[in-house]
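Peer 1: Starting from these lines, generate the structure:
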Amino acid sequence: MPLHAWFTNDSVEVAPGSSLRLSLCVQNTEPDPESVAIVPAGPASTWISLPSQEVQIPAGQTVEIPLELTPPELPTTNAGPTTVAVRVIPQDERIDLPVETTIDVLTFDDRRIVALQSVQRTRRRATYEFMVENEGNSMASCRLRLVDVTDRVDGSFDPPAVGVAPGESSLVRLRTRAQRGFFRRATRTLEFDVEAEQQGHSTASSTFALVQPPSLPRTLILRTLGLLLLAAAAVAAWTWVVEPAIQDAAADEVDRLASEARAEAPATTVAGDNATNGTTTGETDETVDTSQADNDTAQQEAGNDDAEQATSDEETTTTTTTEPVGRPDFERLKVEAPLTQTADASFTVPRRQIFDLTDVRVENPFNDGGVATLLVNGEEVFLWSLDNIRGSYFEPSITQKRLKGGDNVTFSVRCDEISDPFRSTCTNAVNVGGIVYRNR
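Peer 2: Sure thing, here's the model as predicted:
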């Protein structure tokens, strides 16, 4: 055979995506020069590039032709031994000389995790779907793993491991569970990674996020605070404005009605003039018979003396009195006692007055804790536990008690607990109501 061809490289390795230089030697044993065409052949023909496809071989000489081999970094580039072939074709095409060599194509990894839903918004549980893609040139047998350095997210994979051929992909579902938040004022984002790992190969990973809304929405918190402030304002307005105004108006109305009753009351005594008139009438009756007076002067004088005595007795028996008319009244005693201390307030019945105590109402507007006592002249009359009184309390078991001028009424409070954190004292009061008489 006039032509001989061979590769000078044996047992070489090449990584996909990189280039390898091969040398093709063509020998011409003919006495005449020969022109040949070099044509790549075989499954790796597209990997080969030549400086020129037509080469001149002088007579009796050998020409070394460089070839550049570049296997692409694609899943279709099979790893392992691969045949590289070219055809040497003379110009007269009397022969077709194939030349082959074997190279070792190395493996490469290109594994990816492509999230179909990378972000989920939920309070605790969520399901993610993602694809494990193998763009390398070897089989991928990967175990899936969730990585969260904060340990706030845990989950399970379906399936827990995948086998993906080159150029293929596999669907995986991840069911996650986040730690339960008892109270969150704002939205919280929990980020975690999903990894596909295989020993001896590069690890693929992707980042996911779980967005937890607040436990209580901010608008709900603001509305609740607004309602609480409105309720507190309403209670304060009732305690400090409306209720005192109602009590003052009631007291004024009671005073007005009492004044009208006193003005319309009838006279309680019989005037002396009426007695005198009765005496005159008696005298007239005694002296009707003037003829008898003329006849017996002594008898007339005796009759006059008897009439005067009768007039004196009548004046004594007709002068009467009635019970005095009373008016409703009440006294308010307010006490502000520091914590663990006792404070009191008192009033004294004015001189020349009688006060019949008929009603008692205790006020505990802030629900403080302690003991309240009502004393009359230092003697305990009523004793209450403030823990049992919420707002106000009318004492039902009261018997009318008459107080005279100079008697003292004392309201004493021992503060054991202050319920309102914005106050420094127990604030309590007692309203003592009754009828006032003027003592003559």
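
Peer 1: does A15 really touch D109, like I thought?
Peer 2: No: counting by CB atoms under 8 Å, A15 stays clear of D109, with 11.4 Å between them. Yep, even glycine has a C-beta here, placed from its N, CA and C like the rest.

Peer 1: Give me the neighbour count for the closest residue to Q61 other than its chain neighbours.
Peer 2: The shortest distance from Q61 to any non-neighbouring residue, by CB to CB, 6 or more residues apart in numbering, is to N28 (6.2 Å). Neighbour count for N28, taken as other CB atoms under 10 Å: 22.

Peer 1: What separation is there between N28 and E100?
Peer 2: Look at N28 and E100: by CB to CB, to the nearest Å, they are 20 Å apart.

Peer 1: who does the strand ranked longest in the chain pair up with?
Peer 2: Across the chain, the longest stretch assigned as strand under DSSP state E is strand 425-438. Here strand 425-438 has these sheet partners by DSSP bridges: strand 327-338 (antiparallel), strand 353-364 (antiparallel).

Peer 1: Could you export the ones you listed as CSV, including mean neighbour count?
Peer 2: Formatted as CSV, the strands paired with strand 425-438 follow (neighbours: other CB atoms under 10 Å):
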stretch, mean neighbour count
strand 327-338, 17
strand 353-364, 19
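
Peer 1: possible to save those strands as TSV with mean pLDDT and distance to I113?
Peer 2: What follows is the strands paired with strand 425-438, written out as TSV (pLDDT from 0 to 100; distance: least, CB to CB, whole Å):
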stretch	mean pLDDT	distance to I113
strand 327-338	93	69
strand 353-364	93	67
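
Peer 1: Out of the ones you listed, the one nearest A196 is which?
Peer 2: strand 353-364 (69.3 Å; CB to CB).

Peer 1: ok, residues contacting that closest one?
Peer 2: Residues from elsewhere that reach strand 353-364, judged by CB atoms under 8 Å, 6 or more residues apart in numbering: 326, 329-330, 349, 372, 374, 382, 384, 386, 389-395, 398, 400-405, 407, 409, 428-439.

Peer 1: Provide the secondary structure category for P421.
Peer 2: Assigned by DSSP: H, G, I helix; E, B strand; the rest coil, the conformation of P421 is coil.

Peer 1: where's it relative to G391, distance?
Peer 2: 19 Å.

Peer 1: out of the two, which sits in the more crowded spot?
Peer 2: The residue with more neighbours, out of P421 and G391, is G391; 13 against 6, by other CB under 10 Å.

Peer 1: so who does that one touch?
Peer 2: 363-365, 367.

Peer 1: what's the closest of those to I246?
Peer 2: E363 (13.3 Å).

Peer 1: what's across from that closest one in the sheet?
Peer 2: Bridge pairing for E363 - DSSP bridges - gives S392, A429.

Peer 1: same question, Y437
Peer 2: Beta-bridge partners, per DSSP bridges, of Y437: I354.

Peer 1: Wait, it touches G326, no?
Peer 2: Yes: using CB under 8 Å, Y437 is in contact with G326, at 4.4 Å.

Peer 1: where do the helices sit along the stretch 201-350 of the chain?
Peer 2: Using DSSP state H, counting those that start in this stretch, the helices of the stretch 201-350 of the chain run over 218-237, 243-264, 272-286, 290-295, 297-318.

Peer 1: Would you single out the least confident of those?
Peer 2: Of all the helices of the stretch 201-350 of the chain, the minimum mean pLDDT falls on helix 272-286 (a mean of 39).

Peer 1: Next, count neighbours for the residue lying closest to L69 once chain neighbours are set aside.
Peer 2: Once flanking residues are discounted, L69 sits nearest to L20: 4.5 Å by CB to CB, 6+ apart. L20 has 18 neighbouring residues, counting by other CB under 10 Å.

Peer 1: residues contacting L20?
Peer 2: 12, 14, 68-70, 103.

Peer 1: I'd like those laid out as a markdown table, including pLDDT.
Peer 2: What follows is the contacts of L20, written out as a markdown table (pLDDT from 0 to 100):
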| residue | pLDDT |
| --- | --- |
| V12 | 84 |
| V14 | 90 |
| E68 | 90 |
| L69 | 89 |
| T70 | 92 |
| I103 | 88 |
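
Peer 1: Any quick PyMOL command for the buried ones out of those residues?
Peer 2: Command for PyMOL that selects the buried part of these, burial taken from 16 or more other CB atoms under 10 Å:
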select buried, resi 14+69+70+103
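
Peer 1: so can I have JSON lines of the strands paired with strand 425-438 showing distance to R175?
Peer 2: As requested, the strands paired with strand 425-438 are arranged in JSON lines below (distance: least, CB to CB, whole Å):
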{"stretch": "strand 327-338", "distance to R175": "60"}
{"stretch": "strand 353-364", "distance to R175": "56"}
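
Peer 1: Identify the residue spatially nearest to S118, adjacent ones excluded.
Peer 2: Nearest to S118 is F208, by CB to CB, 6+ apart, at 5.4 Å.

Peer 1: One more: E30?
Peer 2: Nearest to E30 is P2, by CB to CB, 6+ apart, at 4.2 Å.

Peer 1: got the contact list for that neighbour?
Peer 2: Residues near P2 by CB under 8 Å, 6+ apart: 28-30, 34, 95.

Peer 1: and which of the residues you listed is nearest to A237?
Peer 2: Once CB to CB is applied, the member of the contacts of P2 that ends up nearest A237 is I95, at 116.3 Å.

Peer 1: how many other residues sit next to the closest one?
Peer 2: I95 has 12 neighbours, counted by other CB under 10 Å.

Peer 1: Can you classify it as helix, strand or coil?
Peer 2: I95 ends up coil, using three-state DSSP.

Peer 1: and the residue nearest to K404 when sequence neighbours are not counted, how far is that from R256?
Peer 2: Leaving aside its sequence neighbours, K404 sits nearest to I354 (CB to CB, 6+ apart; 6.0 Å). Per CB to CB, I354 is found 22 Å from R256.

Peer 1: and what of S392?
Peer 2: With CB to CB as the criterion, S392 and R256 are 25 Å apart.

Peer 1: now swap in A233 and tell me
Peer 2: 33 Å.

Peer 1: low pLDDT regions in the stretch 101-250 of the chain?
Peer 2: 180-185, 215-221 (pLDDT under 70).

Peer 1: Tell me where it has strands.
Peer 2: 111-115, 119-121, 125-134, 140-147, 153-158, 161-164, 169-178, 188-197, 204-212 (DSSP state E, counting those that start in this stretch).

Peer 1: Reformat the ones you listed as TSV; add distance to I246 and mean neighbour count.
Peer 2: Putting those into TSV (distance: least, CB to CB, whole Å; neighbours: other CB atoms under 10 Å) gives the following:
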stretch	distance to I246	mean neighbour count
strand 111-115	69	17
strand 119-121	54	14
strand 125-134	57	19
strand 140-147	68	17
strand 153-158	61	16
strand 161-164	79	17
strand 169-178	56	17
strand 188-197	51	17
strand 204-212	51	19
